[in-house]
Structures are given as C-alpha cells and as structure tokens.
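Asker: model this:
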Amino acid sequence: MEKQSMWSFRFSTASLVLIPAAVGINYIGKLFAELLKLPLWLDSIGTILASMLAGPVIGALAGAINNVIYGLTASPISFVYAITSVAIGLTAGILAAKGWISSWSRAAAAGLIVGLVATIVSTPINVGFWGGQTGNVWGDALYALVLAKTDSIWLASFLDEVVVDIPDKLIVVLVSYGIFRGLPQNITHMYDSNNKVETLD
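Answerer: Residues are numbered from 1 along each chain as shown. The predicted structure follows:
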C-alpha cells in the first residue's frame, strides 16, 4: 500500500497547489545563489520539501518545471538539467517515504545521498554540453586546476560537480527538513496518505 501511494499519479488538490509553491522557492533560491556568486545552487529546497510532503512524483515534477521556467526566464542552460532535478525529487521522495529524513542526522545522510545522485547525473551533462564545467565559479576553478594536473576531463568535471553538489544538497535537505518540522500539523496531515515522513521531537 505504501509503495502504491508513494508513486501515485492521482494528484490531490493539496499536491497540485504544492507544485507552484515549490517552484517559486526553487527559483528564488537559485536566483539568490547566482546573484551572490555563491559556491552553491540552492535551487532544490522546494523540490525536496515537495518530495517530503507529497512523494517523489510531485517532487520530481516541481524540480523539472522549475528548470523549464528558469530556462525560459533567466538561463537557458537550466533546461538540460531538468533530468537532474527529476533525479533529486525522486531520490528525496523515496528516502523520505522510507523514513530517511526523520531526524537531523538522517537528513544530513540523505543530503549526502541526494548530492551524490545529482553529481552522477549531472557530470555526463556537463561533459557533453559544456566541456565538463558546471558554470559555478567556485567549482570551475577546481575544474581548471584538476584538468591542468591530470588532463582528465571526466575527473575534473566530477570533482567540479562534487564540491558544489554535495555541500549544496546537504544544506538544502537540512533546510527543507527544518521547514517541514516547522509546518503546522494541519498542513502536513493533508499529505499523510502520500508518505511516511515523521518528525522526531
């Protein structure tokens, strides 16, 4: 029963309302990070929160839609990373449904897992479209250093992505978990049929 509800495509009104809210959170986070040239993306808080509340399908949709909107309005590069956002939403939703985002320590571990998944998915995209670079000034500086030392585009690209994605997803999952814990129970109860996320007081 849990598995069936986790992958349900019969969206409730609450789930449909959650998608644009999650997209908005993602959009603002990414814009903030780019304007300040932060060594982070901060574009997945809404995706993770949606995955925790309504399951992996809603989280994946929120992530993909965010990439499309950001690609249309701010940075066309964002389009090709929709698949990464889908992977992030699916991974976070599965982890949340299995109880992996139910305490601060578990949320931290989940953040590392989500970051690794995002790195694995994004690295081939980086190599295929941008010669291995991410577009993040901090990660690309490491990319140039590693490439000069090893002459390996794949290693340089992987490390470029790791140094941005791992800390980013760690922070994003912890922030999302903090938001989730702070939500009123009448809101979280609207999504109880979709997941098994619990808070530990």
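
Asker: how much space separates the residue lying farthest from the centre of the chain from residue 135?
Answerer: Relative to the centre of the chain, the most outlying C-alpha is that of residue 149, 30.9 Å out, by CA atoms, centre = their mean. According to CB to CB, to the nearest Å, residue 149 stands 21 Å off from residue 135. Yep, even glycine has a C-beta here, placed from its N, CA and C like the rest.

Asker: in the protein, which spans are helices?
Answerer: 2-6, 13-35, 45-54, 56-73, 82-97, 104-130, 137-150, 153-182, 185-188 (DSSP state H).

Asker: which of the ones you listed is buried the deepest?
Answerer: helix 45-54 (a mean of 30; mean count of other CB atoms under 10 Å).

Asker: show residues contacting that helix.
Answerer: Applying CB atoms under 8 Å, 6 or more residues apart in numbering, the external contacts of helix 45-54 come out as 12, 14-15, 18-19, 21-26, 29, 58-60, 62-63, 66, 85, 88-90, 92-93, 96, 101, 114, 172-173, 175-177, 179-180, 188, 191, 194-195, 197.

Asker: residues touching the residue most central in space within the chain, list them.
Answerer: Centroid-nearest residue in the chain, with CA atoms, centre = their mean: residue 44, separated by 3.7 Å. By CB under 8 Å, 6+ apart, residue 44 lies in contact with 26, 29, 63, 85, 88, 114, 168-169, 172.

Asker: select the helix or strand of the protein having the lowest average pLDDT value.
Answerer: Of all helical and strand segments in the chain, the minimum by mean pLDDT, DSSP states H and E falls on helix 2-6, at a mean of 51.

Asker: any idea of the mean pLDDT in stretch 77-85?
Answerer: Averaged across stretch 77-85, pLDDT comes to 93.

Asker: one more: stretch 152-170?
Answerer: Averaging pLDDT along stretch 152-170 yields 96.

Asker: export that stretch to PDB, keeping only CA atoms.
Answerer: C-alpha atoms of stretch 152-170 as PDB (Å, rounded to 0.1, in the frame of the first residue of the first chain):
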ATOM      1  CA  SER A 152      41.200  14.200 -17.400                       C
ATOM      2  CA  ILE A 153      38.000  16.000 -18.300                       C
ATOM      3  CA  TRP A 154      35.800  13.400 -16.600                       C
ATOM      4  CA  LEU A 155      37.700  13.500 -13.300                       C
ATOM      5  CA  ALA A 156      37.900  17.300 -13.400                       C
ATOM      6  CA  SER A 157      34.100  17.500 -14.200                       C
ATOM      7  CA  PHE A 158      33.200  15.000 -11.500                       C
ATOM      8  CA  LEU A 159      35.100  16.900  -8.800                       C
ATOM      9  CA  ASP A 160      33.800  20.200 -10.100                       C
ATOM     10  CA  GLU A 161      30.300  18.900  -9.500                       C
ATOM     11  CA  VAL A 162      31.100  17.200  -6.200                       C
ATOM     12  CA  VAL A 163      32.400  20.300  -4.500                       C
ATOM     13  CA  VAL A 164      29.200  22.200  -5.300                       C
ATOM     14  CA  ASP A 165      26.500  19.500  -5.200                       C
ATOM     15  CA  ILE A 166      27.500  17.700  -2.000                       C
ATOM     16  CA  PRO A 167      27.500  20.700   0.300                       C
ATOM     17  CA  ASP A 168      24.600  22.200  -1.600                       C
ATOM     18  CA  LYS A 169      22.300  19.200  -1.200                       C
ATOM     19  CA  LEU A 170      23.400  18.700   2.400                       C
END
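
Asker: sounds good, over and out.
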